[in-house]
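[1] any chance you can model this:
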Amino acid sequence: MRKKSRAEAVTLEKESVKNLLRALMPELRRVYRVRSLALFGSVVRGEARARSDIDLLVEFEDADFPVSLLEFISLRNFLSDKLGRRVDLVEKQTLRPTLRERILREAESI
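    All right, here's what the predicted structure looks like:
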């Protein structure tokens, strides 16, 4: 059996995370009112390590009816449980201007 190269392993990890998130989207929409989700950070760049978190950019359905802090934490914990890693969840509309351009350029939609 051929051993996977580092690049193949990273791609596989990124794709497996994206596939799992795609499968979760109907529940995320229904329960947490998620409009969109995007992966960014070390997993996308191929720099993730065993202890790296998973960076996710989230946008909710109704900006006029924001989710509560408890709902946000519940979503983050749900995603962490499903992905088996700590999730750093960032709301798209709250991105700091200094990071916004880089994150949006790097983000891969789910």
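[2] so which bits of stretch 57-74 are buried?
    By neighbour count on 16 or more other C-beta atoms under 10 Å, the buried set for stretch 57-74 is Leu57, Val58, Phe60, Val67, Phe72. Bear in mind the C-beta positions are built from the backbone N, C-alpha and C, glycine included.
[3] no wait, stretch 75-85
    Leu75, Arg76, Phe78, Leu79, Ser80, Leu83, Arg85.
[4] ok, and what's touching that stretch?
    Stretch 75-85 is contacted from outside by 17, 20-21, 24, 28, 32, 34, 52-54, 56, 58, 67, 86-87, 89, using C-beta atoms under 8 Å, 6 or more residues apart in numbering.
[5] what about it, average pLDDT?
    For stretch 75-85, the mean pLDDT works out to 95.
[6] gap between that stretch and the chain center?
    Mean-position distance between stretch 75-85 and its chain equals 10 Å (C-alpha atoms, centre = their mean, to the nearest Å).
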